[in-house]
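Trainee: need a structure here:
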Amino acid sequence: MKTLIRNIGQIVSGDIARPLLDGDSIVIADGQIVAVGRGLDADADTVIDAKGSTVIPGLIDSHCHPVFGDFTPRQRTIDFIDSGLNGGVTTMISAGEVHLPGRPKDIVGLKALAIVAAKAYANQRPAGVKMHAGAPILELGMVEDDFAEMARAGVKLVGEIGLGSVRTGKDAAPMVKWAKKHGMTVTIHTGGPSIAGSNAVTGDVVLEADPDVVGHINGGTTSMSEREIDALVATQMALEIVHCGNGRMALHALRRAQEAKAGHRIIIGNDAPSGTGVVPLGILRVIAHLASLGGVAPEEAVCMATGNTARVYKLPVGVIAAGREADLCIVDAPIGSVGRTALEALRAGDLFGVSMILIDGLIKIGRSRNTPPAARAAEVVKGQGPVAGGH
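Mentor: Got it, this is the predicted structure:
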């Protein structure tokens, strides 16, 4: 299958080192991007007219808490992943399946849960969204063989350290080393406790543990101090800003990262479903928050929610380039915005409108049911059109 997207006004690459691409067309074949440029033509099965609007990589939610399938028992909500897709999110990364009723906390049980979650979501994509799940919550007594066993079974993540009995840097550090040795990407909780039985995690604990990702550096929901955030920005860890956190501290972390020329280390998550609720537009709202109030260029803010996260988690998505998986959003300024384009709308603090989303080159939705209406809506001029959507 070959798809051509033509008449594109702007292309946001997802690569923060080169956030804007020169081009007005993208060619996709068999689920991958094969060419980006100007005036490209192809004997395509599907042709999409972008109507002068903007194409960005599908957004990546770096921090979610799924259970199984497209429901969340904590909020008693179904189809939350599908709603996230309607907010531009095409990939989600679990920070732990913590809301599973009766979640096992013994070592055999927690390993089994991680393996089952990883395999279940590998076998099925709710609404087409690529959910990377199976993120064990670490408990005291785990040994290296436990990590080796999970890795052999396909577990590639470690959930938020601090939500289980591993609460100090001294206890966490050897486990983090074992997880990294076996190819896992490790996240740590920061700030105050978020669920019953969890613990506050300070900056000193994070520094001693040395994870890959500083989970919700702006709080989930209660933030660390500015001093602690400053110390973590000075490391080489990924700095995760989330929607379900402290907005003021999000801007503080952003400013410090900009001063340290560490914008490439900022990633964006939702941290939902949580006590804050299900937030389908959470990633998009953080992008608009950083672009309109934080002084970061809107195209760079988009990269923080796409290519930056893909690099941290070694994913073949998040960047518009030949050889990458073709997960794309076609977006524009919403009707009534002072911005004329999607990026101008973000700079003004408005959410852009999604008019079409593709995953692996296949159209998953047309006009989003959750974003405001896009001023210019992409249209299929050859081939099969969207199967859903509409304002």
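
Trainee: how about the closest residue in space to G339 that isn't next to it in sequence, what does it touch?
Mentor: Spatial nearest neighbour of G339, excluding adjacent residues (C-beta to C-beta, 6 or more residues apart in numbering): A345 at 3.5 Å. Placement of C-beta: from N, CA and C, glycine included. By C-beta atoms under 8 Å, 6 or more residues apart in numbering, A345 lies in contact with A333, P334, S337, V338, G339, L351, F352.

Trainee: three-state assignment of A345?
Mentor: helix (DSSP: H, G, I helix; E, B strand; the rest coil).

Trainee: confidence score at it?
Mentor: Each residue has a pLDDT score; the one for A345 is 98.

Trainee: over to A196?
Mentor: 69.

Trainee: re earlier: tell me the one of the contacts of A345 nearest H63?
Mentor: L351 (19.5 Å; C-beta to C-beta).

Trainee: is it fair to say G339 lies in a helix?
Mentor: No. Counting by three-state DSSP, G339 is not found in a helix; it is coil.

Trainee: that one touches G349, doesn't it?
Mentor: No. G339 lies out of contact with G349 (C-beta atoms under 8 Å); the separation is 9.2 Å.

Trainee: ok so, going back, who wins for neighbours among the contacts of A345?
Mentor: Neighbour counts for the contacts of A345 (other C-beta atoms under 10 Å) peak at F352, which has 32 neighbours.

Trainee: could you break the protein into its assigned domains?
Mentor: 2-57+319-382, 59-280 (automatic domain parsing).

Trainee: so the residue nearest to G339 versus D210, what's the distance?
Mentor: Separation of A345 from D210 (C-beta to C-beta, to the nearest Å) stands at 39 Å.

Trainee: over to H182?
Mentor: 16 Å.

Trainee: what sits against the closest residue to Q75 other than its chain neighbours?
Mentor: In space, and not counting its chain neighbours, Q75 is closest to P273: 4.7 Å by C-beta to C-beta, 6+ apart. Residues near P273 by C-beta under 8 Å, 6+ apart: C64, H65, T72, R74, Q75, T77, F80, H99.

Trainee: again, 10 Å this time
Mentor: 64-67, 71-77, 80, 99, 244, 279 (C-beta atoms under 10 Å, 6 or more residues apart in numbering).

Trainee: now do L110
Mentor: L110 neighbours (C-beta under 10 Å, 6+ apart): 96-97, 103-104, 136-139, 142, 146, 150, 159, 164.

Trainee: do E160 as well
Mentor: 63, 65, 94-96, 98, 135, 137-138, 186-190, 194-195, 198, 201, 211, 213, 215-216, 220, 271.

Trainee: which ones among those residues lie within helices?
Mentor: Secondary structure from DSSP state H places none of the contacts of E160 in helices.

Trainee: the spatially most central residue of the chain bridge partners, please.
Mentor: The centroid of the chain falls nearest to D61 when counting by C-alpha atoms, centre = their mean (2.0 Å). With DSSP bridges as the criterion, D61 is bridged to M92.

Trainee: pretty sure it contacts Y313?
Mentor: No. With contact defined as C-beta atoms under 10 Å, D61 does not count as touching Y313 (11.4 Å).

Trainee: common neighbours of those two, please.
Mentor: Common neighbours of D61 and Y313 (C-beta under 10 Å, 6+ apart) are T91, I93, I267.

Trainee: highest neighbour count among the residues you listed?
Mentor: I267 (28 neighbours).

Trainee: would you mind measuring from it to V278?
Mentor: Taken as C-beta to C-beta, the span from I267 to V278 is 20 Å.

Trainee: one more: A305?
Mentor: Plainly put, A305 is 18 Å away from V278 if you go by C-beta to C-beta.

Trainee: same thing with I8?
Mentor: For I8, the distance to V278 - C-beta to C-beta - is 32 Å.

Trainee: looking at those two, which one has more neighbours?
Mentor: Neighbours were counted for I8 and for V278 using other C-beta under 10 Å; I8 has more, 23 against 20.

Trainee: circling back to that earlier point, which residues does the residue nearest to the centre of the chain contact?
Mentor: Contacts of D61 by C-beta under 10 Å, 6+ apart are 81, 84, 87-95, 129, 131, 242-243, 267-272, 279, 282-283, 305, 309.

Trainee: what sits against F147?
Mentor: 111, 136, 138, 155, 158, 175-184.

Trainee: tell me which element the nearest residue to it once chain neighbours are set aside is part of?
Mentor: Distances taken as C-beta to C-beta, 6+ apart put W178 closest to F147, at 4.4 Å, once the chain neighbours are dropped. Assigned by DSSP states H and E, W178 falls within helix 169-181.

Trainee: so what touches that helix?
Mentor: Taking C-beta under 10 Å, 6+ apart as the rule, helix 169-181 contacts 136, 138-140, 142-148, 150-151, 155-158, 161-162, 165-166, 184-186, 188, 201-202, 204-212.
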